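J.: what shape does this take:
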Amino acid sequence: MDGYDETVARLRAAGCVFAEEEAALLLDLPDPGRAIARRVAGEPLEHVLGWAEFAGLRVAVDAGVFVPRRRTEALVRAAVAAGGSVVVDLCCGSGAVGMAVEAALGAVDLTAVDIDPRAVACARRNLGADRVLEGDLFAPLPERLRGRVDLLVVNAPYVPTDAIALMPPEARDHEPMVALDGGSDGLDVHRRVAEGAPDWLAPGGLLLIEAHESQVAAAEAVFAGHGLVVDVVRDPEATVVTGALGTRQGTR
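T.: Numbers count the residues shown, from 1 in each chain. Below is the predicted model:
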């Protein structure tokens, strides 16, 4: 098995920017030789480790599941600033967003949904089996939540289809396309979420969804078209478009 210096050299040669930090983590695993080989072959570090750090938490991330991005912590901060006790995490992936919102707000009525069975299995490990549902957006939500959701947090795919090929190989080759591809302009899922959200939000409830800055104007128009009061939270890490049912607004 390689030692620390040899591992750093192999990782650096494979293009790992943070080779020193990664080497320390990989060498601490039960089978470091296999782990290093997987990382050198291009697998995301989080898939090799089996976890990702997100909003100060260690979130389990299985191979083939979307890796939570640090920039998405902006979505969590915006949701926590708004507050609420009934939370739905759509397109939940590993469940990282819902997990972080609950950690910050305390005990909440949390339900998470994803269409990918691998993501659902992973999120159930993080959030509990009874809180994670498999299905397409709102379809699996129980009727008890209709008109009662305070915070609808969504990290939907928003990469335009033609831009997928420009993503780093570790994302486009190892993460599910359903978690990356947002359609021709990146907003296909955003449109469907905005259409369905008013049926599920409580009076004053808030929809929060991450978007690229270049998509903000289009997303605002979509939200407003479904009767939502629109605001934009611009964080140093990411941009979050919010839509309130009624007069509640997000926090800039």
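J.: contacts only, for residue 162.
T.: Contact analysis of residue 162 by CB atoms under 8 Å, 6 or more residues apart in numbering lists residue 184. Using the backbone N, CA and C atoms, a C-beta is placed for each residue, glycine as well.
J.: relative to residue 172, how far out is it?
T.: Per CB to CB, to the nearest Å, residue 162 is found 12 Å from residue 172.
J.: residues making contact with stretch 212-226?
T.: By CB under 8 Å, 6+ apart, stretch 212-226 touches 158, 185-187, 190-191, 194-195, 197-198, 207, 209, 211, 230, 232, 234, 239, 241, 243.
J.: buried sites along that stretch?
T.: Neighbour-count burial for stretch 212-226 flags 212, 215, 216, 218, 219, 220, 222, 223, 226 (criterion: 16 or more other CB atoms under 10 Å).
J.: mind checking which of these are in strands?
T.: Assignment to strands by DSSP state E places none of the buried residues of stretch 212-226 there.
J.: a markdown table for those residues, including pLDDT and distance to residue 10?
T.: What follows is the buried residues of stretch 212-226, written out as a markdown table (pLDDT from 0 to 100; distance: CB to CB, whole Å):
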| residue | pLDDT | distance to residue 10 |
| --- | --- | --- |
| 212 | 95 | 34 |
| 215 | 97 | 38 |
| 216 | 97 | 41 |
| 218 | 97 | 44 |
| 219 | 97 | 42 |
| 220 | 97 | 47 |
| 222 | 97 | 46 |
| 223 | 97 | 47 |
| 226 | 97 | 51 |
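J.: can you list those in JSON lines and add distance to residue 82?
T.: Shown next, in JSON lines, are these (distance: CB to CB, whole Å):
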{"residue": "212", "distance to residue 82": "22"}
{"residue": "215", "distance to residue 82": "21"}
{"residue": "216", "distance to residue 82": "18"}
{"residue": "218", "distance to residue 82": "23"}
{"residue": "219", "distance to residue 82": "18"}
{"residue": "220", "distance to residue 82": "17"}
{"residue": "222", "distance to residue 82": "20"}
{"residue": "223", "distance to residue 82": "15"}
{"residue": "226", "distance to residue 82": "19"}
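J.: restricted to buried residues, select the contacts of stretch 212-226 in ChimeraX.
T.: Only the buried entries of the contacts of stretch 212-226 go into this ChimeraX selection, using 16+ other CB under 10 Å:
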select :158,185,186,187,190,191,194,197,207,209,211,230,232,239,241,243
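J.: tell me which of the contacts of stretch 212-226 fall in helices.
T.: 190, 191, 194, 195, 197, 198 (DSSP state H).
J.: from what I see, residue 231 and residue 209 are in contact.
T.: No. Assessed by CB atoms under 8 Å, residue 231 is found out of contact with residue 209, at 11.8 Å.
J.: now the host helix or strand of residue 205 against helix 188-200, angle please.
T.: Under the criterion DSSP states H and E, the helix or strand holding residue 205 is strand 201-211. Here the directions of strand 201-211 and helix 188-200 differ by 170 degrees (axes from the mean of the first three to the mean of the last three CA atoms, to 10 degrees).
J.: who are the packing partners of strand 201-211?
T.: Here strand 201-211 touches helix 73-82, strand 149-154, helix 188-200, helix 216-225, strand 239-244, going by 3 or more CB pairs under 8 Å, 6 or more residues apart in numbering; DSSP states H and E.
J.: kindly reformat those as JSON lines containing distance to residue 2.
T.: Formatted as JSON lines, those follow (distance: least, CB to CB, whole Å):
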{"stretch": "helix 73-82", "distance to residue 2": "33"}
{"stretch": "strand 149-154", "distance to residue 2": "41"}
{"stretch": "helix 188-200", "distance to residue 2": "42"}
{"stretch": "helix 216-225", "distance to residue 2": "46"}
{"stretch": "strand 239-244", "distance to residue 2": "41"}
